[in-house]
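Colleague: no FASTA, just this:
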């Protein structure tokens, strides 16, 4: 029965949670263990899904904690390697993550990790251990039980119950553990960096001019992103990067050219013509498709800034 549940979960992990993307099955650890399902959630945190099968309470808890000790130190590169090998034609991980959650893959993966024990029932001993680890130490561990039903027409049904409300597990994990993921820089901090790197005037004019053209803005540890609603998704279209700027080269930028042309209703040649001459082709990741590709370069002076903004204003009037 639990092997069938594992197959179901791999095909449709939403029966466990809508907030999971499967990136590996039967993943071998460095400690001679094999993780049933390895997942990422919307935040880029790793989630271990382990089926209890015929293991004793002590065995299943000890095993998933052992797996967590290995998962804790997985780097972005190692997770990408695992996921791309598993996803195959459905990858790479950046594209699969975007399709699943409608947002870009976080810069830092595996800030926290979580564990889910899946079984047809959870014994009282396992319940006590899981609740103790979660309540007292903020360990991201929980259990999900599935009950199986079949009607006279041979239609199959699963009923799912969590031992601890998932939002409570998330809250305890966030509040009782340290974070590896630094918060995004504020708008003021990015402006200070631009001024310190000699591109403050160019940066301020672009932020002022571009903000009125997009649906919202956001910040990262190095950039300010201009986001547009394209279809049913919110996508970063244009980014300014003060950290990669200097007085000689100018203010760094990145643009997804397909998104820019689609968002403003112009063709790609028209979109490219609006950009500064100091640019080169750029991809979000190696082998990225057109919607994840574009140009990166520098605005060297205010004339290039005004040329872009004037062009966008004219497009908006049409």
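Modeller: On my side now, so go ahead. Nothing here was measured: the structure is a model prediction, and the numbers come from that model.

Colleague: how about the helices in this protein?
Modeller: Here the chain has its helices, by DSSP state H, at 2-11, 57-71, 76-87, 93-101, 124-137, 166-176, 187-196, 200-211, 257-264, 268-273, 302-317.

Colleague: Could I get these in a markdown table, plus columns for mean pLDDT?
Modeller: Shown next, in a markdown table, are the helices of the chain (pLDDT from 0 to 100):
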| stretch | mean pLDDT |
| --- | --- |
| helix 2-11 | 77 |
| helix 57-71 | 90 |
| helix 76-87 | 92 |
| helix 93-101 | 89 |
| helix 124-137 | 90 |
| helix 166-176 | 76 |
| helix 187-196 | 95 |
| helix 200-211 | 96 |
| helix 257-264 | 95 |
| helix 268-273 | 96 |
| helix 302-317 | 93 |
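
Colleague: wait, which of these is closest to residue 221?
Modeller: Among the helices of the chain, the nearest to residue 221 by Cβ to Cβ is helix 187-196 (9.7 Å). For glycine as for every other residue, the C-beta is placed from the backbone atoms N, C-alpha and C.

Colleague: Could I get the buried residue list for that closest one?
Modeller: 190-191, 193-194 (16 or more other Cβ atoms under 10 Å).

Colleague: ok, back up a step: tell me which of the helices of the chain is the most buried.
Modeller: helix 257-264 (a mean of 20; mean count of other Cβ atoms under 10 Å).

Colleague: Does anything pack onto that one? Which helices or strands?
Modeller: Packing partners of helix 257-264 (3 or more Cβ pairs under 8 Å, 6 or more residues apart in numbering; DSSP states H and E): strand 224-230, strand 233-246, helix 268-273, strand 293-299, helix 302-317.

Colleague: mind running it again at 7 Å?
Modeller: When contacts are defined as 3 or more Cβ pairs under 7 Å, 6 or more residues apart in numbering; DSSP states H and E, helix 257-264 packs onto strand 224-230, strand 233-246, helix 268-273.

Colleague: Walk me through which strands the longest one pairs with, and which way each runs.
Modeller: Each strand paired with strand 233-246, and its direction, by DSSP bridges: strand 224-230 (antiparallel), strand 250-256 (antiparallel).

Colleague: what does that strand contact?
Modeller: With contacts defined as Cβ atoms under 7 Å, 6 or more residues apart in numbering, strand 233-246 is touched by 102, 104, 190, 193-194, 197-199, 203, 206-207, 210, 214, 222-228, 251-256, 259-260, 263.

Colleague: how does it look with 6 Å?
Modeller: 102, 190, 193-194, 197, 199, 206, 222-228, 251-256, 259-260, 263 (Cβ atoms under 6 Å, 6 or more residues apart in numbering).

Colleague: buried ones in it?
Modeller: Counting neighbours by 16+ other Cβ under 10 Å, one finds that the buried residues in strand 233-246 are 235-242, 244-245.
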